[in-house]
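**Q** Predicted model and sequence below, questions to follow.
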Amino acid sequence: MKNIVCTTEHETEDLGKRLVRALPVPSFVALYGDLGAGKTALVRGMGAETGTAEVRSPTFTIVHEYDSKPKLIHFDAYRLHDAEELFAIGFEDYLVQDAVVVLEWAERVPEALPRERLEIRLCGSGEEPRALELWAIGARYESVVNAL
């Protein structure tokens, strides 16, 4: 586990850029945190590093796929009642792609999470700094945590 503090939204986006450079492909990142904690800002940084400036929260569409290098697939489970809704849109098919898959609101669908993953818990909102806890679940993510 590693703790990182980001004092601005720009720092959170910058961490997202460094994160996506450190991730193996394919990979899975589970994001946890309240509204306004910075989950989408982190993914926006990941998108900027992979070549897309279009990252926005997929709250209403559940998933956005970006034609980037590597491919970025961004899920948001906020409006889901359970993991079955996620599986109904083909979640398992996304997991086998050669891509970086990021899931916001992972706490809403714990049974859908892959056995190995990187978990990031974001705390804070508004103008206050964000405290991020990074957890490597599986050996392949330990080097990612160590690199940040």
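**A** Arrived safely. Numbers count the residues shown, from 1 in each chain.

**Q** switch to C-alpha atoms for all contacts and neighbour counts from now on
**A** Will do.

**Q** for the record, mean pLDDT for the helix or strand hosting Gly16?
**A** Gly16 is located in helix 9-22, with elements delineated by DSSP states H and E. For helix 9-22, the mean per-residue pLDDT is 96.

**Q** now it: how far from the chain's centre is it?
**A** 11 Å (C-alpha atoms, centre = their mean, to the nearest Å).

**Q** and the angle for the helix or strand just after that helix with helix 9-22?
**A** For helix 9-22, the following helix or strand on the C-terminal side (DSSP H and E) is strand 27-32. In terms of direction (axes from the mean of the first three to the mean of the last three C-alpha atoms, to 10 degrees), strand 27-32 departs from helix 9-22 by 150 degrees.

**Q** State the next helix or strand along the chain beyond strand 27-32.
**A** Following strand 27-32 in sequence order, the next helix or strand is helix 39-50 (DSSP H and E).

**Q** circling back: check which helices and strands the helix holding Gly16 sits against.
**A** Contacting helix 9-22 under the criterion 3 or more C-alpha pairs under 8 Å, 6 or more residues apart in numbering; DSSP states H and E are the following elements: helix 39-50, helix 142-147.

**Q** mind running it again at 10 Å?
**A** The helices and strands touching helix 9-22, judged by 3 or more C-alpha pairs under 10 Å, 6 or more residues apart in numbering; DSSP states H and E, are strand 2-6, strand 27-32, helix 39-50, strand 130-137, helix 142-147.

**Q** CA atoms only for that helix, dumped as PDB, please.
**A** Once non-C-alpha atoms are left out, helix 9-22 reads as follows in PDB (Å, rounded to 0.1, in the frame of the first residue of the first chain):
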ATOM      1  CA  GLU A   9      -6.900  18.800  -9.500                       C
ATOM      2  CA  HIS A  10      -3.900  19.300 -11.800                       C
ATOM      3  CA  GLU A  11      -1.800  17.100  -9.500                       C
ATOM      4  CA  THR A  12      -4.500  14.400  -9.600                       C
ATOM      5  CA  GLU A  13      -4.500  14.500 -13.400                       C
ATOM      6  CA  ASP A  14      -0.700  14.400 -13.400                       C
ATOM      7  CA  LEU A  15      -0.800  11.300 -11.200                       C
ATOM      8  CA  GLY A  16      -3.200   9.700 -13.700                       C
ATOM      9  CA  LYS A  17      -0.600  10.300 -16.500                       C
ATOM     10  CA  ARG A  18       2.200   8.700 -14.400                       C
ATOM     11  CA  LEU A  19      -0.100   5.800 -13.500                       C
ATOM     12  CA  VAL A  20      -1.000   4.800 -17.000                       C
ATOM     13  CA  ARG A  21       2.700   4.900 -18.000                       C
ATOM     14  CA  ALA A  22       3.400   2.400 -15.200                       C
END
